[in-house]
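K.L.:
Curious how this folds, go ahead:
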Amino acid sequence: MKLGLQLGYWGAQPPTHHAEIVAAAEASGFDSIFTAEAWGSDAYTPLAWLGSSTERVRLGTSVLQLSARTPTACAMAALTLDHLSGGRHIVGLGVSGPQVVEGWYGQKFAKPLARTREYIDIMRQVWAREAPVSSAGPHYPLPFDGPGASGLGKTLKPITHPLRSDIPVMLGAEGPKNVALAAEIADGWLPLFYTPRMADTYNEWLDEGFARPGARRSREDFEVCATAQIVVTDDREGTYAAIKPFLALYMGGMGSEDTNFHAEVYRRMGYSDVVDEVTALFRNNRKDEAAQIIPDAVVDDSAIVGDLDHVREQIKVWEACGVTMMLVSPGSVAEVEQLAELIR
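P.N.:
All right, here's what the predicted structure looks like:
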């Protein structure tokens, strides 16, 4: 089992402690650090800034939103950071949802799986640098020849030769088709709300992808990097209460009321009634109540909270289910060191 430091995206203001936590994570033997984006801070800028003070840890995004960048722009950013870090970059991608894609980026959300496949193919053409990059589309045609085109578009190779011709790509996937796609075309899976209780189901989805003709990886060399709330404490009740507002936001406030992929994750876990109630309260600006009605069992399904013995035992459970890395979000240097010691 490896540890990754999940720094996430910024809130209303930039965090002030990330530099010291990153330094502690590298010193403590963490494998990677990851940044994210929503509709505020971007993922690449803090990753490059913080990564410049590191020497060993891999630098990943969990996740970049596909619609934020064209595939060639994303490939350019990736090859640049890969050079600057000496070949330590991981590209973590996700499609987001229609509320963000169409409301924030002004792009079409339709056909997310097909767009993902085409997007990654273009990026890998850039990094391979074997021929001018081209795509028949329909989502990212290169050169562009649609309405309004000048007709002067030209296929190009990147000016800068990539350090690596094949930078690892992981997908932040939640539904069965998207998870299978990750197993087929990517190097890893970045589940946000993972529960060992559904490991057999997840493995069925992954196996479908591994079995497809031309699958890129097998289970033996595929990474499953699961976001995990790990808290060592004797106050389980208080910790559950602190986590519930986060779950209420994702369950009831991310996406539109009837199209929320995070909520669907919890429906598949068997919590449809909880999702409905949380969503109704959250959408009526009763956010505190929405958090309070979430049962402790819902938190416990995808978090590890308890004393040292309980946490150690649960980490073994996650590993036995196929998780190769746990992405954790410690709030202090002491917590970083404690988690590293637990893994050791």
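K.L.:
So which residue is smack in the middle of this protein?
P.N.:
Centre of the chain computed as the mean C-alpha position; nearest residue by Cα atoms, centre = their mean is Ser62, 3.2 Å away.
K.L.:
which residues touch it?
P.N.:
By Cβ atoms under 8 Å, 6 or more residues apart in numbering, the contact set of Ser62 is Gly4, Gln6, Phe34, Thr35, Ala36, Gly92, Met170, Gly172, Leu190, Cys225, Thr227, Leu327. The way it works is simple: take the backbone N, C-alpha and C, and place the C-beta from them, glycine included.
K.L.:
before we move on, what about Pro176?
P.N.:
Shown in contact with Pro176 (Cβ under 8 Å, 6+ apart): Trp205, Glu208.
K.L.:
any idea how far Asp276 is from it?
P.N.:
Using Cβ to Cβ, to the nearest Å, one gets 22 Å for the distance from Pro176 to Asp276.
K.L.:
and the next element down the chain from the worst-scoring helix or strand of the chain on mean pLDDT?
P.N.:
Least confident helix or strand of the chain, by mean pLDDT, DSSP states H and E, is helix 261-268 with a mean of 89. Using DSSP states H and E, the helix or strand that follows helix 261-268 in sequence is helix 272-283.
K.L.:
Using neighbour counts, pick out the buried residues of that next one.
P.N.:
Neighbour-count burial for helix 272-283, with 16 or more other Cβ atoms under 10 Å as criterion, is recorded at Val274, Val275, Glu277, Val278, Thr279, Leu281, Phe282.
K.L.:
With distance to Asp121 and pLDDT as new columns, can these be given to me in TSV?
P.N.:
Rendered in TSV, the data for these read as follows (distance: Cβ to Cβ, whole Å; pLDDT from 0 to 100):
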residue	distance to Asp121	pLDDT
Val274	39	93
Val275	35	92
Glu277	42	94
Val278	38	94
Thr279	36	92
Leu281	42	93
Phe282	38	93
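K.L.:
Using TSV, lay out those residues together with distance to Asp207.
P.N.:
Formatted as TSV, the entries for these read as follows, by distance: Cβ to Cβ, whole Å:
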residue	distance to Asp207
Val274	29
Val275	27
Glu277	34
Val278	32
Thr279	32
Leu281	38
Phe282	35
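K.L.:
Out of the residues you listed, the closest to Ala297 would be?
P.N.:
Nearest to Ala297 among the buried residues of helix 272-283, counting by Cβ to Cβ, is Val274 at 9.5 Å.
K.L.:
Just list the residues touching the closest one, thanks.
P.N.:
Neighbouring residues of Val274 by Cβ under 8 Å, 6+ apart: Met251, Tyr266, Ile293, Ile294, Pro295, Val298.
K.L.:
Now do the residue lying closest to the second one once chain neighbours are set aside against Thr233, distance only.
P.N.:
So the one you mean is Tyr266. Leaving out its chain neighbours, the residue that sits closest to Tyr266 by Cβ to Cβ, 6 or more residues apart in numbering is Val275, at 5.2 Å. Taking Cβ to Cβ as the measure, Val275 and Thr233 are separated by 27 Å.
K.L.:
With Tyr266 instead?
P.N.:
Taking Cβ to Cβ as the measure, Tyr266 and Thr233 are separated by 24 Å.
K.L.:
more neighbours, the two?
P.N.:
Taking Tyr266 and Thr233 together and counting by other Cβ atoms under 10 Å, Tyr266 has the greater number of neighbours (23 against 15).
K.L.:
pretty sure the more buried one contacts Ala297?
P.N.:
No - contact criterion Cβ atoms under 8 Å: Tyr266 and Ala297 do not qualify, at 11.6 Å.
K.L.:
on that earlier part again, I'd say the residue nearest to Tyr266 and Ala263 touch.
P.N.:
Yes - in this structure, Val275 sits in contact with Ala263. The criterion is Cβ under 8 Å, and the distance is 4.9 Å.
K.L.:
where do the contact lists of the two overlap?
P.N.:
Contact criterion Cβ under 8 Å, 6+ apart; residues bridging Val275 and Ala263 by contacting each: Met251, Gly252.
K.L.:
All good on my end, thank you.
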